[in-house]
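# got a predicted structure here, sequence first:
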Amino acid sequence: MKQVQVFSFRLYISGSAPNSLLAKANLATLCSGYLAGCHQVEIIDLLQEPERALADGVYMTPTLVKIAPLPEVRFVGSLSNSAPIVATLGLKST
């Protein structure tokens, strides 16, 4: 029996800034199209938790970090151009 690989992400945002909202929406679209049922997303608002930026080495928002499976990968920006993300993560449409 093949084990399903679960992708774990952290999305660092700055409140309701336009690019942060766009990144949240684009990540939701990406996950529903490629990782339905096999992903976890933690949203970290750096306006609410500014210490996380320094602790996690995040210097710009929005930043998406793929935590698992390893290796860790980071994407900066609104995630509007999903092609490089899909290619880097090796995803196939569900």
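Ah, there it is. Numbering: from 1, shown residues only.
# what pairs with the most centrally placed residue in the chain across the strands?
With distances taken as C-alpha atoms, centre = their mean, residue 64 lies nearest the centre of the chain, 3.6 Å away. Taking DSSP bridges, one obtains residue 11, residue 75 as the residues bridged to residue 64.
# go ahead and confirm it touches residue 9.
Yes. With contact defined as C-beta atoms under 8 Å, residue 64 counts as touching residue 9 (6.0 Å). Placement of C-beta: from N, CA and C, glycine included.
# what sits in contact with each of those two?
residue 27 (C-beta atoms under 8 Å, 6 or more residues apart in numbering).
# what's the single longest helix in the chain?
As assigned by DSSP state H, the longest helix anywhere in the chain is helix 18-34.
# how about the strands in this structure?
Here the chain has its strands, by DSSP state E, at 7-13, 39-45, 63-68, 73-76.
# let me know which of those strands is tucked in deepest.
strand 7-13 (a mean of 20; mean count of other C-beta atoms under 10 Å).
# average pLDDT across stretch 7-16?
For stretch 7-16, mean pLDDT is 96.
# return the distance of it from the chain's centre.
6 Å (C-alpha atoms, centre = their mean, to the nearest Å).
# give me the number of residues near the closest residue to residue 61 other than its chain neighbours?
Once flanking residues are discounted, residue 61 sits nearest to residue 14: 4.4 Å by C-beta to C-beta, 6 or more residues apart in numbering. For residue 14, the neighbour count with other C-beta atoms under 10 Å is 18.
# residue 14 touches residue 63, doesn't it?
No. Contact criterion C-beta under 8 Å: residue 14 and residue 63 do not qualify, at 10.1 Å.
# returning to that earlier point: and the pLDDT at the residue nearest to the centre of the chain?
Listed pLDDT for residue 64 reads 96.
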